[in-house]
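>>> Just the structure for this:
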Amino acid sequence: MKTKAIISAVLAAIIIGGGALLFMHNNKNNPSSSTGASTAPSTTSSQPPSSNTPAATATPSSGSSTQATGTTETFSITANDTSASPNTIRVKRGDTAKLTFKVSSAGTYHGGLEFKSTDPAVDSGSIAEGSSSTVTFTAIKSFKFTPYWYESSVQKDYFVNVDVQ
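All right, here's what the predicted structure looks like:
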């Protein structure tokens with residue numbers, strides 16, 4: 001009798017868990033868009049980078065001045081399961097930031113990564129190893145992107161900081 005109850009409980013857990021994973025996977029294929037008027041994120045996927053070395057820089061494409069100029073600053077971050085390079089970008093308040101996340105094939109577990117922030121709500125969507133995704137947002141305040149293994153939403157142990165000045 002006890003064996004039958006245990007088997008029934010295990011089967012129920014497998015069915016419920018499988019349904020939850022399927023639901024989460026379907027939600028990952030439809031990344032959420034921005035909420036609120038302070039940001040306007042967008043994502044664009046592109047082909048794999050030409051190199052597997054994490055040597056990306058975060059040098060803005062616009063000139064440096066102390067006042068917000070309303071220009072677009074472009075950044076590139078290369079990441080894997082354990083780190084991102086660079087791990088901080090600096091952008092002027094009011095400027096548009098165009099940030100490309102490149103997920104390295106080296107050091108990235110099967111499936112790729114996803115980068116999310118909550119305030120403002122910006123989501124890179126799923127990025128396979130060797131691929132990239134670009135998000136665009138208006139720099140209003142400092143925040144951080146949290147990387148996740150996108151197939152299970154397991155959070156990684158580092159952050160990508162956006163320092164708004």
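
>>> if I look at the closest residue to A128 other than its chain neighbours, how far off is T138?
Sequence neighbours aside, G112 is the residue nearest to A128 in space, at 4.2 Å (criterion: C-beta to C-beta, 6 or more residues apart in numbering). Heads up, the C-betas are built off the backbone N, CA and C, glycines and all. Using C-beta to C-beta, to the nearest Å, G112 is found at 27 Å from T138.

>>> Number of residues surrounding the nearest residue to S126 once chain neighbours are set aside?
Excluding the flanking residues, the one nearest S126 by C-beta to C-beta, 6+ apart is Y150, at 4.5 Å. Counted by other C-beta atoms under 10 Å, the residues lying close to Y150 total 24.

>>> what does R90 give?
Neighbours of R90 (other C-beta under 10 Å): 19.

>>> Pairing-wise in the sheet, spell out the partners of it.
Taking DSSP bridges as the rule, R90 bridges to D163.

>>> What of T134?
T44, T100.

>>> Would you check that it makes contact with L99?
Yes. Under the criterion of C-beta atoms under 8 Å, T134 makes contact with L99 at 6.8 Å.

>>> And these two? Which one has more around it.
With neighbours defined as other C-beta under 10 Å, T134 and L99 compare such that L99 has more, 24 against 19.

>>> Any idea what T146 is bridged to?
Assigned bridge partners for T146, using DSSP bridges, are K116.

>>> give me the number of residues near it?
By other C-beta under 10 Å, neighbour count at T146 equals 14.

>>> need the contact list for it.
T146 makes contacts with 115-117, 155-156, 159, as judged by C-beta atoms under 8 Å, 6 or more residues apart in numbering.

>>> now with 6 Å?
Contacts for T146 (C-beta atoms under 6 Å, 6 or more residues apart in numbering) come out as 116, 155, 159.

>>> Which is the succeeding secondary structure element to the lowest-mean-pLDDT helix or strand in the chain?
Least confident helix or strand of the chain, by mean pLDDT, DSSP states H and E, is strand 43-46 with a mean of 44. Sequence order places strand 72-79 as the next helix or strand after strand 43-46, per DSSP states H and E.
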